[in-house]
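Chemist: Got a predicted structure plus its sequence, pasted below:
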Amino acid sequence: MRAIADAGSLTKAATALGLAQPALSTQLKRIERVLGGALFERGRHGVRATPLGELVLERARIVLPAVSDLQRDAVRFARGAAGAEGPRFRLGGTHGPLLGALVDRLAARHPCAAVTTHTSWSEREIAAAVTEGRLDYALIGTCGSSTPPEGDRLAWREIATDPVFVMLPTGHRLASRDRVDLADLAGAAWADVPGDGCFADCFHAACARAGFTPARVYETDTASCVHLVQVGRAVGLCRATFPDTAGLVTRPLAGDPLVWRHLIGWHPDTPAALTAPSVLAQARAAHAEAAARSRSYAAWRASGLP
């Protein structure tokens, strides 16, 4: 019915639905018999809904989304319940330092559990997979206090909040500083991992406040970001817990103009909610370990300065 009303013509609606026009007419007549009256009036300019048709269309606008939600929730719950016979941790994460550490901790504490991973640069993709029941947990980050994706469907908890650091090659003129002013990097090319949140906009806004526009930004995977920094092609943006790596140093930006929140999310109506407190605790422990291993992070924390 909605297709017919939107198209204004049985022929156009049939084409849009991939049906033959007689088949669509037969379906419409069957519905009209069930509902007890004509739903559309036919005229020279196509079809239009009758008063009964308007009533049915109005109710359908309410009922059909609810039916779709019910079907999606049922599929998600069935997928979640399929693992009820034993522990299962299906983790989705963006490119960052915590996913591997969380896998290690869960595998050590649940040696008989199935622990699987899926990575993507897209926070929205990972959150949608949890909503649809294809993943149990989403391990992502958001810029500052921005709202995570699927915020009305998933339960999100904060693991930690960190400043964003800059990666410099060891021979860079600013590598010896404890903190780096963003304005001192005005002429640099930049390397960063892509995402579909607001981080890119926030970075450009921070640069504008520092009085410049980035000359070039390479959005690529983590390994390529590291390489571009090591060879002096770019300076990089990274989480504060980024591990010490040969050929580069990480330094906090003066004033901490960019902030990154590590989050973990799950659907509250699936079995994953039962193990969520333990998984959250392991994620926080993984972050604490990563922070302790980073000399730059420890120095930033000890300074107590913004």
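Modeler: That came through fine.

Chemist: Please tell me I have it right and Leu17 contacts Ala3.
Modeler: Yes. Under the criterion of C-beta atoms under 8 Å, Leu17 makes contact with Ala3 at 5.5 Å. Bear in mind the C-beta positions are built from the backbone N, C-alpha and C, glycine included.

Chemist: which residues of the stretch 51-200 of the chain score low on pLDDT?
Modeler: 63-64, 66-86 (pLDDT under 70).

Chemist: Show me where it has its helices.
Modeler: 51-81, 98-109, 123-131, 199-209 (DSSP state H, counting those that start in this stretch).

Chemist: and the second one, what other elements does it pack with?
Modeler: What it means is helix 98-109. strand 88-93, strand 114-119, strand 137-143, helix 272-293 (3 or more C-beta pairs under 8 Å, 6 or more residues apart in numbering; DSSP states H and E).

Chemist: excluding its backbone neighbours, what's nearest Trp300?
Modeler: Pro252 (4.6 Å; C-beta to C-beta, 6 or more residues apart in numbering).

Chemist: Contacts only, for that neighbour.
Modeler: By C-beta atoms under 8 Å, 6 or more residues apart in numbering, Pro252 lies in contact with Pro163, Phe165, Val166, Asp178, Arg179, Val180, Ala240, Ser296, Trp300.

Chemist: partners of the strand with the most length in the chain, with directions?
Modeler: Taking DSSP state E as the criterion, the chain has its longest strand at strand 155-169. Under the criterion DSSP bridges, strand 155-169 sits next to strand 235-239 (antiparallel), strand 248-252 (antiparallel), strand 259-266 (antiparallel) in its sheet.

Chemist: rewinding a little: looking at the helices and strands packed on helix 98-109, which is buried most?
Modeler: strand 137-143 (a mean of 25; mean count of other C-beta atoms under 10 Å).

Chemist: can you list contacts of that one?
Modeler: Under C-beta under 8 Å, 6+ apart, the answer for strand 137-143 is 89-94, 96, 98-99, 102, 123, 126-127, 129-130, 148-149, 154, 195, 197-199, 202, 239, 258-266, 272, 276, 279, 283.

Chemist: now stretch 175-189
Modeler: Here stretch 175-189 has contacts from 166, 168-169, 174, 206-207, 210-212, 214-218, 233-235, 249, 251-255, 257, 299, 303, 305, using C-beta under 8 Å, 6+ apart.

Chemist: if we go to 6 Å?
Modeler: Stretch 175-189 is touched from outside by 166, 168, 174, 210-212, 215-216, 234-235, 249, 251-254, with contacts defined as C-beta atoms under 6 Å, 6 or more residues apart in numbering.

Chemist: So for it, what gets flagged as buried?
Modeler: Burial within stretch 175-189, assessed by neighbour count using 16 or more other C-beta atoms under 10 Å, is assigned to Arg179, Val180, Leu182, Leu185, Ala188, Ala189.

Chemist: Pairing-wise in the sheet, spell out the partners of the residue nearest to Ser145 when sequence neighbours are not counted.
Modeler: Nearest non-adjacent residue to Ser145, counting by C-beta to C-beta, 6+ apart: Arg261, 7.4 Å away. Beta-bridge partners for Arg261, by DSSP bridges, are Thr142, Thr161.

Chemist: and Arg261, how far is that from His172?
Modeler: Distance of Arg261 to His172, given as C-beta to C-beta, to the nearest Å: 28 Å.

Chemist: if we can go back for a sec, can you say which of the strands paired with strand 155-169 is packed in most?
Modeler: strand 235-239 (a mean of 24).

Chemist: Now do the same for Leu39: its pLDDT.
Modeler: Leu39 carries a pLDDT value of 81.

Chemist: before we move on, back to that, of the contacts of stretch 175-189, which count as buried by neighbour count?
Modeler: By 16+ other C-beta under 10 Å, these give Val166, Leu168, Leu174, Ala210, Ala234, Val235, Val249, Arg251, Pro252, Leu253, Ala254 as buried.
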